[in-house]
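Trainee: pasting the sequence and the predicted coordinates here, then a few questions.
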Amino acid sequence: MKAKKQIRALVIHGPNLNLLGKREPRVYGKTSLQRINQLIQAEAKSLNIQADMVQSNHEGELVDLIGGAKVNHYSGILINPAAYTHTSVALRDALAACGVPAVEVHISNIYGREEFRHQSLTAAVCVGQVSGFGEQSYLLGLHGLVKILRNK
């Protein structure tokens, strides 16, 4: 019997998420990105998967990370594109072309905010989207991604 390959998830945090805990706590809460990464790491361990976290404010760097996901042996992507959700055709195209499933997550409910945030350019090329549950959005998204990967 062939052994199952370990699931490796690439967790991508987009622009300004390095400021979590300080930036607009009324909208994004008081939890820091470091703490969110700790929560993701603990959840990944409980799911018996590997999760690697990265944050960048630079669109091109994010495109490169997504584009390299398959060749770097990632099974899936958990991504919070942040502001690029609403503006980046480049991220959308990278997600569509990368060859691994992605789940989009957002701390705030983007559909309950300013109208320009109601459109996600990236959601249509992801297998799912979770928004509005604070840092729990990441954990819910991770569970969804793992379920999809295990059912492949």
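Mentor: That came through, no problem.

Trainee: contacts and neighbour counts: CA atoms only from here.
Mentor: Will do.

Trainee: what packs against whichever strand or helix holds residue 35?
Mentor: Under the criterion DSSP states H and E, the helix or strand holding residue 35 is helix 33-46. Under the contact definition 3 or more C-alpha pairs under 8 Å, 6 or more residues apart in numbering; DSSP states H and E, helix 33-46 sits against strand 50-55, helix 136-150.

Trainee: need the winner for burial among those.
Mentor: Using mean count of other C-alpha atoms under 10 Å, the stretch among these with the greatest mean number of neighbours is helix 136-150 (a mean of 19).

Trainee: for the residue nearest to residue 14 when sequence neighbours are not counted, give me its contacts.
Mentor: Setting aside the residues directly before and after it, residue 14 is nearest to residue 81 in space (C-alpha to C-alpha, 6 or more residues apart in numbering), at 4.7 Å. Residues in contact with residue 81, defined by C-alpha atoms under 8 Å, 6 or more residues apart in numbering, are 12, 13, 14, 15, 104, 105.
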